[in-house]
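Engineer: Sequence plus the predicted model coming up.
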Amino acid sequence: METAWIGDFELVRVVERMFRSPAQATAVAVVTPEREMTARVGSDHHSTFEIGSISKALTGMLYRDVVERGLASPTMVLRELLPLDGYGDVGSVTLESLATHRSGLPGLPPGMQPLRRTLGFWIRGENPYGDSLADLLLQTRTVRVGTPRPRYSNLGFQLLGHAVAKAAGSSYAQLLQDVLGPEFSTPARVKDLGPADLTGSDRFGRPMRAWVGEAIAPAGGVRATIDTMSGFLRSLLDGTPRGMSALDPVADFTPRVGIGAGWITLEHHGRSITWHNGSTGGFSSWIGLDRAAGTGVVVLAAVHRSVDRQGFRILEEFVSPAG
């Protein structure tokens, strides 16, 4: 793999300033009304990255698509779609509250023993996920639903994704490919990975185990190449994918920050930006759109180090002052 940036000349000049010395595989895509550009280092067009919590933005679109097709409704509760009878209040949580992170659910279910798994992740680089859907449902038995208020929840989006897949008579993996394209992958086991699937690292360069697992897929288990993400970005700017209404804010997430179905909208230097980021044990990612300017950016990196700052700066660099 190349050790220097290659790709579209103008974008390469920009990313060389933004990423001083990327030691890990990194790829960037920019889409404007006039053109599409990519730049890569340590990776090629076939290299597949973990996109982390950008998976939630995809899941939000699947949710809206299922609702718009009349297969579910925003007020439908989880027990209508998943076998949660006798599991307490979690079965009474609505799909819409999950999609806007205001279900009252915790970030993770206590039943998955998050402290033990977190220690394994930090000490040995292990995958803290890897559960099946059946495992996830068992873990919800001990979940207590709190006051509905904005609270970021991996558990919420795991349940949302699997619930809307059931509403569509499908699995999450199949629904994702049916709605947003066959190029997105959701490996459930390490043996599902291929030679194009990159191995990520922590910020010190230590290789990290892949975050694979059926249960985590809707909240953080999707993988994609930079070409797949560039094509997805173009479709978002064109307004063509199913479930596009997920990008439109319907509630406040924090002061001056709106949320649609998973997607976040905020003001950045006077521009309205719709975005989401992602982070796994060995990867970081960012996607952002200035919809008024018809411009968007994707950043994928095989290292556990935030790329939010670079994403916002690259987007600002390519937005026309007249946009």
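Structural biologist: Done, it's in. Numbers count the residues shown, from 1 in each chain.

Engineer: ok, residues contacting the top strand by length along the chain?
Structural biologist: Of all the elements of type strand in the chain, the one with the most residues (DSSP state E) is strand 271-279. Here strand 271-279 makes contact (CB atoms under 8 Å, 6 or more residues apart in numbering) with 50-57, 220, 247, 260, 262-267, 284-293, 304, 306-308, 311-312, 315-316, 319. In short, each C-beta sits where N, CA and C put it, glycine included.

Engineer: Please pick the buried ones from those residues.
Structural biologist: Buried members of the contacts of strand 271-279, scored by 16 or more other CB atoms under 10 Å, are 50-57, 220, 247, 260, 262-266, 284-291, 293, 304, 306-307, 311-312, 315-316, 319.

Engineer: Now the most centrally placed residue in the chain. Nearest residue, chain neighbours left out?
Structural biologist: The residue lying closest to the centre of the chain (CA atoms, centre = their mean) is residue 54, at 1.5 Å. By the measure of CB to CB, 6 or more residues apart in numbering, the closest residue to residue 54 outside its immediate chain neighbours is residue 278, 4.3 Å from it.

Engineer: can you check residue 24 too?
Structural biologist: With CB to CB, 6+ apart as the measure, residue 303 is the residue that lies nearest to residue 24, at 4.0 Å, once sequence neighbours are left out.

Engineer: Just the buried residues of the lowest-mean-pLDDT helix or strand in the chain, please?
Structural biologist: Of all the helices and strands that make up the chain, the one with the lowest confidence by mean pLDDT, DSSP states H and E is helix 114-124; it has a mean of 75. By neighbour count, and taking 16+ other CB under 10 Å as the criterion, the buried residues in helix 114-124 are 114, 117, 121.

Engineer: nearest spatial neighbour of the first one, skipping sequence neighbours?
Structural biologist: By that I understand residue 114. Counting by CB to CB, 6+ apart, the nearest residue to residue 114 once its immediate chain neighbours are dropped is residue 108, at 4.6 Å.

Engineer: residues touching that neighbour, list them.
Structural biologist: Residue 108 neighbours (CB under 8 Å, 6+ apart): 114, 154-155.

Engineer: so which of those residues comes closest to residue 87?
Structural biologist: Proximity of the contacts of residue 108 to residue 87 (CB to CB) peaks at residue 155, which lies at 12.8 Å.

Engineer: What strand or helix carries the closest one?
Structural biologist: According to DSSP states H and E, residue 155 maps onto helix 154-167.

Engineer: Kindly report the same for residue 300.
Structural biologist: Applying DSSP H and E as the criterion places residue 300 in strand 295-301.

Engineer: ok, now residue 177?
Structural biologist: Here residue 177 sits within helix 172-180, counting by DSSP H and E.

Engineer: Not counting that helix itself, show me its contacts.
Structural biologist: Outside helix 172-180, the residues that reach it (CB under 8 Å, 6+ apart) are 58-59, 61-62, 65-66, 161-162, 164-165, 168, 170, 184, 186, 188, 214, 217-218, 222, 232, 241-243.

Engineer: ChimeraX command for the buried members of the residues you listed?
Structural biologist: Filtering the contacts of helix 172-180 down to the buried ones (16+ other CB under 10 Å) takes a single ChimeraX command:
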select :58,59,61,62,65,66,161,162,164,165,168,170,184,186,188,214,217,218,222,232,241,242,243
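
Engineer: Inside helices: which ones of the contacts of helix 172-180?
Structural biologist: With DSSP state H as the criterion, helices contain 58-59, 61-62, 65-66, 161-162, 164-165, 217-218, 232 from among those.

Engineer: For the chain, which segments count as strands?
Structural biologist: Secondary structure of the chain by DSSP E: the strands cover 6-7, 26-31, 36-41, 49-50, 223-224, 251-254, 257-259, 264-268, 271-279, 284-290, 295-301.

Engineer: Output the ones you listed in CSV; the columns should cover mean pLDDT and distance to residue 144.
Structural biologist: Written out in CSV, the entries for the strands of the chain read as follows (pLDDT from 0 to 100; distance: least, CB to CB, whole Å):
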stretch, mean pLDDT, distance to residue 144
strand 6-7, 94, 49
strand 26-31, 97, 41
strand 36-41, 96, 46
strand 49-50, 98, 30
strand 223-224, 98, 33
strand 251-254, 92, 22
strand 257-259, 96, 23
strand 264-268, 95, 26
strand 271-279, 96, 26
strand 284-290, 97, 31
strand 295-301, 97, 36
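
Engineer: could the ones you listed be laid out in a markdown table, adding distance to residue 85?
Structural biologist: As requested, these are exported to a markdown table (distance: least, CB to CB, whole Å):
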| stretch | distance to residue 85 |
| --- | --- |
| strand 6-7 | 53 |
| strand 26-31 | 45 |
| strand 36-41 | 49 |
| strand 49-50 | 34 |
| strand 223-224 | 34 |
| strand 251-254 | 29 |
| strand 257-259 | 30 |
| strand 264-268 | 34 |
| strand 271-279 | 33 |
| strand 284-290 | 37 |
| strand 295-301 | 41 |
